[in-house]
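1. with the sequence up front, the predicted model follows.
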Amino acid sequence: MKKTWNAFVTTVVKFTRPVLQKIGAFFGRIATFLSEKVAPILRRLGHGLTHNAILRTGNNQLILFSFLKIHVTRKMRHAIYGYLFISLWLVGFTIFTFYPLLYSLYLSFHEAYYNLEQGVITTFIGFDNYINIFRSSILLPLFSSYLGRIIIAVPIILVFSVVIAMLVNTPIKGKGAWRSIFFLPVIISTGPVLNELNAQNAITLPNIQESPVIDYVVNNLPDLVADPLLLVINSMLLILWYAGIPILIFLAGLQKIDPSLYEAASMDGASPWMRFWKITLPSIMPFMGISIVYVVVSMSLYVEAGGILDLVRTHILVGAPDSAFWFGYGYAAAIAWVYFLLMVILILIFTALTRERRRKHA
């Protein structure tokens, strides 16, 4: 058996050695070509870029136009290298995000429509689009419903995420499987999937719909409070789907807590409830901000039928200026900017509340 194996190894080496030698020779010729032909060209090109009438370098200085001298420190050099690494992303962000953002702000102050021959034609009307939004009998209920839903849903999601993160962080079998299960909705919760779940009435819990809580909310609370609360109750399962990323964020925060803190607190007679309020919650408070940003933005970007984003899309895509559903690109841009400002205000309010909580614990 040993002789057979040695013969097999000898045969494999005999056939593979020439192939490996040819491959090595090929890459050797490439390295020689790069070092002898390409490298001198690159060196001359680099020298020309840094030693010309516009720019010269030397002695830790950048000299522009032979009279403007800039002292280059190590920190500045590292910053330049960093910006060079992200320059491609900056170019893409400027072209595909920043410019459209500014252009939509420009359109929001204009009456705009599209012409096949002349493109987008704009007429400056000032704040009329924003005034018309606050006069609208359709948009104000949508904005109030959005505000109420976010104000109610975000604390529910955060509390749920903290509880699940603490459960998953305990030493249980199959911890990785449980993490995957709670993160799975983040992977599959695309727009078409959520729309299909909504169409099949699969985004709520049946027991909640049959609960007398809904009758109490309808009969005893004003519409301004009842409508967002009912919306949250009727889409409870969908709302909890947004907890996947916050669970991972809080789980990372929990794993950074030194176990010796809990041991010391237990020796001092602290109950689990006291350890949560005095150790766990203050330790994960710094992670609340990023979780709030993710939840608010994710819930705000969900395009639901009859929602604000659906209305913006309708004003952009539906029909010509003679359509009853069309009020121009400027009106749609103004709706989007009001929606964006409300989203930013909500994020600032929630983060300010969590920051105040952190100060109290500190």
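-> That came in fine, so what should we check first?

2. so where's the stretch 101-250 of the chain shaky on pLDDT?
-> 175, 185-239 (pLDDT under 70).

3. show me where it has its strands.
-> 110-115, 119-124 (DSSP state E, counting those that start in this stretch).

4. which of the three states applies to residue 66?
-> Three-state assignment for residue 66 (DSSP: H, G, I helix; E, B strand; the rest coil): coil.

5. what are the phi and psi values at it?
-> phi 70, psi 0 (degrees, to the nearest 10).

6. list the contacts for it?
-> Listed by Cβ atoms under 8 Å, 6 or more residues apart in numbering, the contact set of residue 66 reads 53, 56. Backbone N, C-alpha and C define where each C-beta goes, glycine included.

7. show me where the stretch 201-350 of the chain has helices.
-> For the stretch 201-350 of the chain, the helices defined by DSSP state H, counting those that start in this stretch cover 206-209, 212-220, 223-234, 236-240, 244-255, 259-267, 272-275, 281-284, 288-300, 308-317, 329-361.

8. now the stretch 51-200 of the chain
-> 74-85, 87-93, 99-108, 128-135, 139-169, 175-188, 191-199.

9. out of these, flag the one nearest residue 268.
-> Checking those against residue 268 by Cβ to Cβ gives helix 139-169 as the closest, at 20.9 Å.

10. quickly list what the nearest residue in space to residue 50 that is not next to it in sequence is bridged to.
-> Spatial nearest neighbour of residue 50, chain neighbours left out: residue 57 (4.5 Å); criterion: Cβ to Cβ, 6 or more residues apart in numbering. Per DSSP bridges, the residues bridged to residue 57 are residue 62.

11. picking up where we left off before, now the strands of the stretch 101-250 of the chain as JSON lines including distance to residue 6 and mean neighbour count?
-> Listed next are these as JSON lines, based on distance: least, Cβ to Cβ, whole Å; neighbours: other Cβ atoms under 10 Å:
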{"stretch": "strand 110-115", "distance to residue 6": "78", "mean neighbour count": "16"}
{"stretch": "strand 119-124", "distance to residue 6": "78", "mean neighbour count": "12"}
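
12. would you turn those strands into CSV with distance to residue 101?
-> Below are the strands of the stretch 101-250 of the chain laid out as CSV (distance: least, Cβ to Cβ, whole Å):
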stretch, distance to residue 101
strand 110-115, 16
strand 119-124, 16
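
13. mind checking which of these is nearest residue 296?
-> The nearest among the strands of the stretch 101-250 of the chain, by Cβ to Cβ, is strand 110-115 at 28.9 Å.

14. what angle sits between the closest one and helix 128-135?
-> 110 degrees (axes from the mean of the first three to the mean of the last three Cα atoms, to 10 degrees).

15. what lines up beside strand 110-115 in the sheet?
-> Going by DSSP bridges, the partners of strand 110-115 are strand 119-124 (antiparallel).

16. any idea how far the partner strand is from the chain center?
-> In terms of Cα atoms, centre = their mean, to the nearest Å, the centre of strand 119-124 is set 33 Å apart from its chain centre.

17. from now on call the first residue 58
-> Sure, I'll start counting at 58 from here, so that last one is strand 176-181.

18. orientation of it relative to helix 156-165 in degrees?
-> 50 degrees.

19. who's in contact with strand 176-181?
-> Contacts for strand 176-181 (Cβ under 8 Å, 6+ apart): 163, 164, 166, 167, 168, 169, 170, 171, 172, 386, 387.

20. got the angle between it and helix 386-418?
-> 70 degrees.

21. distance check, residue 170 against residue 385.
-> Residue 170 sits 6 Å away from residue 385, going by Cβ to Cβ, to the nearest Å.

22. next: residue 207.
-> Applying Cβ to Cβ to residue 207 and residue 385 gives a distance of 28 Å.
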